[in-house]
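*Asks:* Sequence and predicted structure below; questions after.
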Amino acid sequence: MSLTTHWIDNEWNLHKRILNFCQVSNHMDETIGQIIENFLLDWGIDKLLTVTVDNASFNSVTISYLKNVMKDWPTNILSNKHLHVRCCAHIVNLIVCDGLKKMNVSVVKIRNTIRLVRSSLSRFVT
């Protein structure tokens, strides 16, 4: 797992830093949420607006865990209403893959037609 932070400073400059990499032993229960919590506390991060994750089902448990832990933090932002943000790149990838599966039959037919035309002797006759 990679934990990355983004923030805007007082001069409105966007910053990005990788905080940590770690091997996650399992994706069960609240393991990932606990790991994220520990990293945040180790780095002294007490303000968190969003966490961006893919659409894996265990991420809902992770976000629920973080919401529960952070509800008592004195710097809780917007009562964690916007904590869970789904990764747009992952969503777009899922949409494209699904669309390509549905178009596969048509694409194969077009490719076969092009191969037939290219291999035909009659296309060389003028």
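*Replies:* It's in.
*Asks:* how's the chain carved up into domains?
*Replies:* 2-86, 98-126 (automatic domain parsing).
*Asks:* which one of those domains is the most hemmed in?
*Replies:* Looking across the domains of the chain with neighbours counted as mean count of other Cβ atoms under 10 Å, the highest average goes to domain 2-86: a mean of 13. C-beta coordinates here come from the backbone N, C-alpha and C atoms, glycine included.
*Asks:* Give me the three-state assignment for residue 116.
*Replies:* helix (DSSP: H, G, I helix; E, B strand; the rest coil).
*Asks:* Test for you: state the pLDDT assigned to it.
*Replies:* pLDDT for residue 116: 88.
*Asks:* just to revisit the earlier point, can you put the domains of the chain in TSV and add distance to residue 92?
*Replies:* Listed next are the domains of the chain as TSV, based on distance: least, Cβ to Cβ, whole Å:
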stretch	distance to residue 92
domain 2-86	11
domain 98-126	11
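*Asks:* Tell me which stretches of this protein form strands.
*Replies:* With strands called from DSSP state E, the chain shows them at 2-8, 14-21, 51-53, 84-86.
*Asks:* Sheet partners, orientation included, of the third one?
*Replies:* According to DSSP bridges, strand 51-53 has the following sheet partners: strand 84-86 (parallel).
*Asks:* Give me the residue ranges of the protein where confidence is low.
*Replies:* Residue ranges of the chain with pLDDT under 70: 29, 76, 78, 82, 123-126.
*Asks:* run the last query once more with 80
*Replies:* Flagging of the chain using pLDDT under 80 yields the residue ranges 26-30, 46-61, 70-91, 102-103, 120-126.
*Asks:* Show me where this protein has its helices.
*Replies:* Taking DSSP state H, the helices of the chain run over residues 31-43, 58-70, 88-119.
*Asks:* would CSV of these with distance to residue 19 be doable?
*Replies:* Below are these laid out as CSV (distance: least, Cβ to Cβ, whole Å):
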stretch, distance to residue 19
helix 31-43, 6
helix 58-70, 15
helix 88-119, 20
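*Asks:* For residue 50, find the nearest of those.
*Replies:* Closest approach to residue 50 among these (Cβ to Cβ): helix 58-70, 10.0 Å.
*Asks:* How about the contacts made by residue 33?
*Replies:* Contact partners of residue 33, counting by Cβ atoms under 8 Å, 6 or more residues apart in numbering, are 61, 62, 63, 64, 65, 66, 69.
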